[in-house]
Every structure is written in structure tokens, then in C-alpha cells.
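Novice: task: produce atomic coordinates for the following.
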Amino acid sequence: MKNVKIVTFVPLKNAAAMRTALGEAGAGVLGDYMHCSYTLLGEGRFTPQAGAKPHIGQVGEPSVVEEARIEVVCERSKAKQVVSALRGAHPYEEPAFDIIALLDEEDL
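Specialist: Next up, the predicted model:
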């Protein structure tokens, strides 16, 4: 089974809903456990440009938002549906996320 790690950043008030959406889409399965995730707190910084419709902040003004970094692992075959769920649950019009290919233990 080939896995990927998906990482995203959301405002703190949206973290629980994001973890739920990712888990329901098939992410966060580790052996006999499901809905596994890791959350780290930090700050997101951005400046919306002309044409943006920011969820937080104003066009042309720098913003700093307390955010949760949420990490989940999923099977590569489920990554597309997990990213779709991420986009659907994310409050930002342009969500930031990473998809990181993982090695299986037997590949070491």
C-alpha cells in the first residue's frame, strides 16, 4: 500500500470540522485506528490582492491568523477524494495544502 501525507492549514475554529471531513473522506487510517491526525498551532500570514474574496482580512491589507496545521496519512488511491473533501471543508478560497509521497517500511 502506497501512502501520502496531506497537510493543510485552517483557522483554529475550523480545525475540528476539517479533521472530520478528512477522516470521512478516508484519511487517517493507521492499522486498526481511524480518524488519526496531528495538529500543530501556528500563524498564517497573507495579503489578499485585487479580485480576492477573503474569508478573513481585507484586500490589500496584510493579515495574521492563528491557524492549525493538520496532517493526515491516506492511501494514494484515496488522495484525490481527500483533497476534494479538504477543499470542500476549507473556509479559504485558496487553501494551502501539501501532498507528500511516503515510503513504505519495506521500501527502506
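Novice: list the buried ones in the lengthiest strand in the chain?
Specialist: For the chain, the longest strand by residue count, based on DSSP state E, is strand 63-75. Buried residues in strand 63-75, defined by neighbour count with 16 or more other C-beta atoms under 10 Å: 65, 67, 68, 69, 70, 71, 72, 73, 74. (Glycine included, C-beta is placed from N, CA and C.)
Novice: hey, what's the last one bridged with?
Specialist: Read it as residue 74. Beta-bridge partners of residue 74, counted by DSSP bridges, are residue 4.
Novice: contacts for stretch 11-24, please.
Specialist: The contact list for stretch 11-24, computed with C-beta atoms under 8 Å, 6 or more residues apart in numbering, reads 6, 8, 10, 28, 34-35, 37, 39, 41, 55-56, 65-68, 70, 72, 74, 82, 85-86, 88-91.
Novice: and the helix or strand where residue 44 lies, what other elements does it pack with?
Specialist: Residue 44 is located in strand 38-46, with elements delineated by DSSP states H and E. Based on contacts counted as 3 or more C-beta pairs under 8 Å, 6 or more residues apart in numbering; DSSP states H and E, the elements that strand 38-46 packs against are strand 63-75.
Novice: could you dump the buried residues of strand 63-75 into CSV with distance to residue 15 and pLDDT added?
Specialist: Formatted as CSV, those follow (distance: C-beta to C-beta, whole Å; pLDDT from 0 to 100):
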residue, distance to residue 15, pLDDT
65, 12, 96
67, 8, 98
68, 4, 98
69, 9, 98
70, 6, 98
71, 12, 98
72, 12, 98
73, 17, 98
74, 18, 97
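Novice: ok, so of those residues, who is nearest residue 102?
Specialist: residue 73 (7.0 Å; C-beta to C-beta).
Novice: if I look at the closest one, how far off is residue 54?
Specialist: 30 Å (C-beta to C-beta, to the nearest Å).
Novice: any idea which helix or strand carries residue 83?
Specialist: Going by DSSP H and E, residue 83 is in helix 79-89.
Novice: okay, the angle between that helix and strand 63-75?
Specialist: Here the directions of helix 79-89 and strand 63-75 differ by 150 degrees (axes from the mean of the first three to the mean of the last three C-alpha atoms, to 10 degrees).
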